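A.B. asks: can you look at this prediction? I've put the sequence above it.
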Amino acid sequence: MKKILVIGSTGQIGSELTMELRKRYGNDNVVAGYIPGAEPKGELKESGPSALADVTRPDELSEAIKRHGIDSIYNLAALLSVVAEKKPLLAWKIGIDGLLNILELARDHGCSVFTPSSIGSFGLNTPHWMTPQDTIQRPKTIYGVSKVTTELLSDYYHTKYGVDTRSVRFPGIISNVTPPGGGTTDYAVDIYYYAVRGEKFVCPIKQGTLMDMMYMPDALNAAITLMEADPSRLVHRNGFNIASMSFDPEEIYKEIKKHRPAFEMVYDVDPLKQSIAESWPDKMDDSCAREEWGWRPTYDLATMTVDMLDKLSARLLKK
């Protein structure tokens, strides 16, 4: 049975990924890694083991790996795109210096490593429609630069040292559990909260701006399915395009109005978020992920909207 460490277990993706991994592999086999001030709480704390796992402290990480017999690491330590632009040095320290620490430990202890990349790894010169798996990557944000470096560094450790590294390029992730935390695509989460509360939504992204998005259950399944995939089938390893749906703010607004006819939305464009959004793909070609490890999404905009509204209504309106 695998022994898994989730670094960043209390974050936007990590909190839900940790619980999904425990469901699949058993509570005792999945360790929730955290940093001081972001300790696991509630079900995340009570359902399984946890350990200090700061990517900038390799001795601490090594201790957690040895103490729990870890053979698989999901590394989710990173600053989100908008936050990273305000703290570029910290973004690099966590995203790249931290990754280097993890890869060295994985090399020493024989661990496999999943470190997600992002649609942010692309730039203005990248083909925006059906963005190829292998194409130009010249991002202009520190978030994007760090994600390209993540892909290259992970590939290097696999080629040179045989470390089993794998990753996907996550689109915007929409969750009914974890609130947004400073990403360019966060409007697509916020809008559902406003709709359920019956409040007018002020959209920071311009009408007509397409971005790839994905519902959290599909994102979790992608990460786990890739890590379970037969390595002999993997032509690529780090930075698989995965896609589920692509829409602009007006499309998601109209989909929500089918269920909440009184819902209102206006625009007040945030220049930073808009500039980042315009540098990202409109829609990625994920044929390599489909061919090499059987990637298939479950949700589209319509089915996600029904589930988001149902889940958020059950939680927010009962208070």
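C.D. replies: Received it, and whenever you're ready, just let me know what you need.
A.B. asks: only C-alpha atoms from now on, for both contacts and neighbour counts.
C.D. replies: Will do.
A.B. asks: the helix ranked longest in the chain packs against which elements?
C.D. replies: Ranked by residue count and defined by DSSP state H, the top helix of the chain is helix 142-161. When contacts are defined as 3 or more CA pairs under 8 Å, 6 or more residues apart in numbering; DSSP states H and E, helix 142-161 packs onto helix 81-86, helix 88-92, helix 98-109, strand 117-118, strand 165-170, strand 238-241.
A.B. asks: work out the gap between the fourth one and the centre of the chain.
C.D. replies: Relative to the chain's own centre, strand 117-118 is displaced by 7 Å; criterion: CA atoms, centre = their mean, to the nearest Å.
A.B. asks: what comes into contact with it?
C.D. replies: When contacts are defined by CA atoms under 8 Å, 6 or more residues apart in numbering, strand 117-118 is touched by residues Gly144, Lys147, Val148, Thr150, Glu151, Ser167, Val168, Arg169, Phe170, Pro171, Asn238, Gly239.
A.B. asks: the helix or strand that that strand is followed by pairs with which strands, and in what direction?
C.D. replies: On the C-terminal side of strand 117-118, the closest following helix or strand by DSSP states H and E is strand 129-131. According to DSSP bridges, strand 129-131 forms sheet pairs with strand 283-284 (parallel).
A.B. asks: average pLDDT across the partner strand?
C.D. replies: Mean pLDDT, strand 283-284: 94.
A.B. asks: before we move on, what about stretch 98-113?
C.D. replies: pLDDT averaged over stretch 98-113 gives 97.
A.B. asks: list the buried residues for that stretch?
C.D. replies: Using 16 or more other CA atoms under 10 Å as the test for burial, stretch 98-113 gives 98-107, 109-113.
A.B. asks: can you give me the domain boundaries for this protein?
C.D. replies: For the chain, automatic domain parsing gives the domain ranges 4-171+215-241, 173-212+245-282+299-316.
A.B. asks: and Pro179, how many neighbours?
C.D. replies: Using other CA atoms under 10 Å, Pro179 has 14 other residues around it.
A.B. asks: what about the most far-flung residue of the chain relative to its centre, distance to Tyr194?
C.D. replies: Distance from the centre of the chain peaks at Ala262, with 32.0 Å (CA atoms, centre = their mean). Computed as CA to CA, to the nearest Å, the Ala262 to Tyr194 distance reads 12 Å.
A.B. asks: and for the residue nearest to Arg169 when sequence neighbours are not counted, the neighbour number?
C.D. replies: Leaving aside its chain neighbours, Arg169 sits nearest to Ser118 (4.0 Å; criterion: CA to CA, 6 or more residues apart in numbering). Per other CA under 10 Å, the neighbour tally for Ser118 reads 25.
A.B. asks: so what's Ser118 bridging to?
C.D. replies: According to DSSP bridges, beta-bridge pairing links Ser118 with Phe170.
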